[in-house]
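Colleague: Build me a structure from this.
(one chain, ligands or ions: 1)
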Amino acid sequence: MSTKEAYSPGDQPFASEPVSPARMATSIRDLKKEYVLKSETVRALRGVSFDVPEGDYVAIMGPSGSGKSTLLNLLGCLDKPTAGSLMLGDDDISVLSDDELAEIRSERIGFVFQSYNLIQQLSVVENIEVPLYYQGKLGSSERERAILLAERVGLKDRLDHRPAQLSGGQQQRVAIARSLINDPYFILADEPTGNLDSVTTDEILEIFDEFNNEGRTIIMVTHEDDLADRAKRIIRLKDGMLALDAKVSEERRDETRQAQRLAVEELLAKTN
Ligand SMILES: Nc1ncnc2c1ncn2[C@@H]1O[C@H](COP(=O)(O)OP(=O)(O)OP(=O)(O)O)[C@@H](O)[C@H]1O
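Modeller: So this is what the prediction gives:
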């Protein structure tokens, strides 16, 4: 049986029952991005269209140069498209000014980078609060929320630690907690486990699973098939175009999760 099925957002389990339409975390239509250089124009995205309903978990894959970073930059409001539309919730970001883009970026996107991007001088809880600084929204209820998020990612006993006092996996947990402080449209993760060993990778993926099971939307760029098979859906780019948009079956996701857990247990048994 094929483990990846063609994805259709309109698929519903019981066609006869009325189902309210899914709310979209993002809707992309005929999205194009060109970089104009002196000698040539690079067409990095050449008309990409897809929707991400709230609660989805999407892995974006594709060979080097296929347009993944370009798409990520557009989704993260770090750059503007050349043509096409990109809706984040109800906001069409292709028509916003740079200031408005910056506002959405800081208020509504939860970034998780391979290199964590924490501020070394700040404690765990202060790092989680960073996106709120820009909005002047710091108070006791925000502090409580930051502490709660730190606890959710397993850092209850590390609230006052600085990044240098934490392992890579713990630093990435801080970044995940920080990504959620603003109640974002989605978590945008760029190779989030690229710097981590397999045991820690599994821990981070467990945290993603937990938040996704609670309805958080995750969009993750990865080169790893094993990581992508833990997502609900794989979007593959090739030469700036959509080459595949496929659902990962629950069976496949479970198999991958179990195989990774087994590998971690075997590794831990050998090293202990
Ligand atoms: N700022 C830029 N100026 C000019 N060309 C660019 C720029 N950024 C990306 N490109 C080009 O656009 C195309 C897509 O690049 P992009 O970085 O999006 O690919 P990618 O899939 O993320 O690759 P990788 O996996 O190697 O990071 C490439 O041909 C690249 O050289």
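
Colleague: lowest confidence element among the helices and strands of the chain?
Modeller: When each helix and strand of the chain is scored by mean pLDDT, DSSP states H and E, strand 4-6 comes last, with a mean of 49.

Colleague: And the helix or strand following that strand, what's buried?
Modeller: The element immediately downstream of strand 4-6 (helix or strand, assigned by DSSP states H and E) is strand 24-36. The neighbour-count check on strand 24-36 (16 or more other CB atoms under 10 Å) flags Met24, Ala25, Thr26, Ser27, Ile28, Leu31, Lys32, Lys33, Glu34 as buried. From N, CA and C alone the C-beta is placed, and that goes for glycine too.

Colleague: what does stretch 241-248 give?
Modeller: Leu242, Asp245, Ala246, Lys247, Val248.

Colleague: cool, and stretch 212-227?
Modeller: Neighbour count says stretch 212-227 has Asn212, Arg216, Thr217, Ile218, Ile219, Met220, Val221, Thr222, Asp226, Leu227 buried, by 16+ other CB under 10 Å.

Colleague: Among those, which one lies nearest to the ligand?
Modeller: Set against the ligand, the nearest of the buried residues of stretch 212-227 by CB to the nearest ligand atom is Val221 (7.4 Å).

Colleague: Same list (the buried residues of strand 24-36) but as JSON lines, adding pLDDT and distance to Ile128.
Modeller: Converted to JSON lines, those look like this (pLDDT from 0 to 100; distance: CB to CB, whole Å):
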{"residue": "Met24", "pLDDT": "93", "distance to Ile128": "27"}
{"residue": "Ala25", "pLDDT": "94", "distance to Ile128": "22"}
{"residue": "Thr26", "pLDDT": "96", "distance to Ile128": "24"}
{"residue": "Ser27", "pLDDT": "96", "distance to Ile128": "30"}
{"residue": "Ile28", "pLDDT": "96", "distance to Ile128": "30"}
{"residue": "Leu31", "pLDDT": "97", "distance to Ile128": "32"}
{"residue": "Lys32", "pLDDT": "97", "distance to Ile128": "36"}
{"residue": "Lys33", "pLDDT": "97", "distance to Ile128": "32"}
{"residue": "Glu34", "pLDDT": "97", "distance to Ile128": "37"}
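
Colleague: okay, those residues in TSV with distance to the ligand next?
Modeller: Converted to TSV, those look like this (distance: CB to the nearest ligand atom, whole Å):
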residue	distance to the ligand
Met24	23
Ala25	21
Thr26	17
Ser27	20
Ile28	15
Leu31	12
Lys32	12
Lys33	8
Glu34	9
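
Colleague: okay, now the residue nearest to Lys232 when sequence neighbours are not counted: neighbour count?
Modeller: Excluding the flanking residues, the one nearest Lys232 by CB to CB, 6 or more residues apart in numbering is Tyr57, at 4.3 Å. For Tyr57, the count of nearby residues is 23 (other CB atoms under 10 Å).
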